[in-house]
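**Student:** coords below, sequence missing:
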């Protein structure tokens, strides 16, 4: 599954394709350069896709803001030749195409504006006694 989402032709190294446990010790070993990353839960359901100019600093900050989760969190990243914002746009488009146009919950704010569905009003019918 990991090779489907981040294809090796868009990766600078194949070492970064695998999921890693999201801990401060692992984050401390990461490069400081720009990258696109994914955060997932224990069963590797992607929760957020993001880009950073300084991967280590950005993931450290993100780690501090996460709520504890049973099983913890996992991440993977890739450093491409393009700018992080451009790579993020490409990666989000690829994710949408593979998931029926839906983004991870953490990226829902990045979804394009669509027509707002009308608010459903539930009315209760009174029963005659």
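**Tutor:** Sure, I can see it. Predicted model, so just to flag it, every value in this text is computed and none were measured.

**Student:** make it CA atoms for all contacts and neighbour counts henceforth
**Tutor:** Noted.

**Student:** what is the longest helix of the chain by residue count?
**Tutor:** Among all segments of the chain classified by DSSP state H, the helix with the greatest residue count is helix 84-98.

**Student:** what comes up buried for that one?
**Tutor:** Buried positions in helix 84-98, judged by neighbour count with 16 or more other CA atoms under 10 Å: 84, 85, 87, 88, 91, 92, 95.

**Student:** same thing with stretch 30-39?
**Tutor:** Taking 16+ other CA under 10 Å as the basis for neighbour counts, the residues of stretch 30-39 that come out buried are 34, 35, 36, 37, 38, 39.

**Student:** how about a markdown table for those residues, with pLDDT and secondary structure added?
**Tutor:** As requested, the buried residues of stretch 30-39 are exported to a markdown table (pLDDT from 0 to 100; DSSP: H, G, I helix; E, B strand; the rest coil):
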| residue | pLDDT | secondary structure |
| --- | --- | --- |
| 34 | 92 | coil |
| 35 | 92 | strand |
| 36 | 93 | strand |
| 37 | 94 | strand |
| 38 | 94 | strand |
| 39 | 94 | strand |
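
**Student:** which residues sit against the longest helix of the chain?
**Tutor:** 5, 34-36, 49-53, 80, 101-103 (CA atoms under 8 Å, 6 or more residues apart in numbering).

**Student:** run the last query once more with 6 Å
**Tutor:** Judged by CA atoms under 6 Å, 6 or more residues apart in numbering, the contacts made with helix 84-98 from elsewhere in the structure are 35, 51, 102, 103.

**Student:** ok, back up a step: TSV for the buried residues of stretch 30-39, including distance to residue 67?
**Tutor:** TSV is the format used below for the buried residues of stretch 30-39 (distance: CA to CA, whole Å):
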residue	distance to residue 67
34	25
35	23
36	22
37	18
38	16
39	13
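
**Student:** rounded mean pLDDT for stretch 91-109, please.
**Tutor:** Per-region confidence: stretch 91-109 scores 87 on mean pLDDT.

**Student:** can you check stretch 69-82 too?
**Tutor:** 89.

**Student:** how far off centre is it?
**Tutor:** With CA atoms, centre = their mean, to the nearest Å as the basis, the distance from the averaged C-alpha position of stretch 69-82 to the chain average is 8 Å.
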